[in-house]
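> What follows is a predicted structure for the sequence shown.
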Amino acid sequence: MTGDLFRLTVLGCATPYASVDNPCSGYLVSGGGTRLWVDAGSGTLAALQRHVRLDALDAIWISHLHADHSADLLTAYYAVLFADIQRAAPIPLYGPPGIADRLAHFLTNTSTRSPVESAFAVHELDDGHQARVGALTMTSRVVAHGIPAFAVRIEAEGRSLVYSGDTAPCANLTRLAEACDVLLCEAESDQAPAEGEQVHHTPEDTGDTAGAARAGRLIVTHVGRFLTPEQAVARASARFDGPVDYAAPGASFSIG
């Protein structure tokens, strides 16, 4: 891998379950020799290993604890502790409050709690949380998904990538994405619900968020089962004047 380029590589973006050729949500963000696994949905660990081994990974960032964004942490745990992965220290893991106990609850098979912290150095996110991992700076904000959920702005050398995670349109996301080079934004819903809480973007919402934030480029991701990628891109493009792409699994995008 070229370590100097600030890049986004799509590991998968399927929802709510993996397709034959598309894992669930997961991305590799790399720059300045730093490698960050962003969301660890089902199937993304396999795709990640096309680019970096777990023993060379610098950190993991998780938007929320729905399985299509976090389930492969479970198999990563076994890889780090019980297989051929040799690390000098646990992998830094940034995620919503309670992430360690959530993992331990699933992994524990006896009266002894599974040693989640032996695999992951857990850092719980809060609104406005900031962290630096190697060449990358991360700022996380709470977003509107009905459960604890976060978006992240990742910056390197004056360039910026913002990832929405899963969320309805909200002021925190728009502010976080202000003037970013690339907005990676979900477009799960064909239409907003007639009743009840909205927890995802429609493609039109995605375009509106990108426009309101003055993003340089929009990449539409996490497209729901009742939309095609082509439909999502076309509908988002009708509301955003900048370039619009789809986060196809395996695709790689330069940031800035």
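Arrived safely. Keep in mind it's a predicted model, so treat the numbers as computed, not measured. Residues are numbered from 1 along each chain as shown.
> Now do the helices in the stretch 151-256 of the chain.
Applying DSSP state H, counting those that start in this stretch to the stretch 151-256 of the chain gives helices spanning 171-176, 203-213, 229-237.
> Turn the ones you listed into TSV, columns for mean pLDDT and mean neighbour count.
(C-beta placed from N, C-alpha, C; glycine too.) TSV is the format used below for those (pLDDT from 0 to 100; neighbours: other CB atoms under 10 Å):
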stretch	mean pLDDT	mean neighbour count
helix 171-176	98	19
helix 203-213	98	23
helix 229-237	98	19
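> Would you convert those into CSV that also reports distance to Val244?
Below are the helices of the stretch 151-256 of the chain laid out as CSV (distance: least, CB to CB, whole Å):
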stretch, distance to Val244
helix 171-176, 17
helix 203-213, 7
helix 229-237, 5
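> And the strand or helix carrying Val10, how far out from the chain middle?
Under the criterion of DSSP states H and E, Val10 resides in strand 7-12. Its chain's C-alpha centre and that of strand 7-12 lie 10 Å apart, by CA atoms, centre = their mean, to the nearest Å.
> quick one, whatever helix or strand comes next after that strand and strand 7-12 angle?
Per DSSP H and E, the first helix or strand lying C-terminal to strand 7-12 is strand 26-31. Relative orientation of strand 26-31 versus strand 7-12 (axes from the mean of the first three to the mean of the last three CA atoms, to 10 degrees): 170 degrees.
> Residue ranges in the stretch 1-150 of the chain under the pLDDT threshold?
The stretch 1-150 of the chain contains residues with pLDDT under 70 at 1-3.
> the strands in it, which residues?
Ranges of strands within the stretch 1-150 of the chain are 7-12, 26-31, 34-40, 59-61, 91-95, 120-124, 130-133, 136-142, 150-156, based on DSSP state E, counting those that start in this stretch.
> quick one: which of those strands is nearest Val220?
Distance to Val220, taken as CB to CB, is lowest for strand 7-12 among the strands of the stretch 1-150 of the chain, at 11.3 Å.
> any idea how far Val80 is from the nearest residue to Pro148 once chain neighbours are set aside?
Nearest-residue entry for Pro148: Pro96, 4.3 Å, with adjacent residues in sequence omitted and distances by CB to CB, 6 or more residues apart in numbering. From Pro96 over to Val80 the distance is 20 Å, taken as CB to CB, to the nearest Å.
> Ramachandran angles for the residue of the chain most remote from its centre?
Residue farthest from the centre of the chain, counting by CA atoms, centre = their mean, is Ser111 at 33.0 Å. Phi and psi for Ser111, reported as degrees, to the nearest 10, are phi -70, psi -10.
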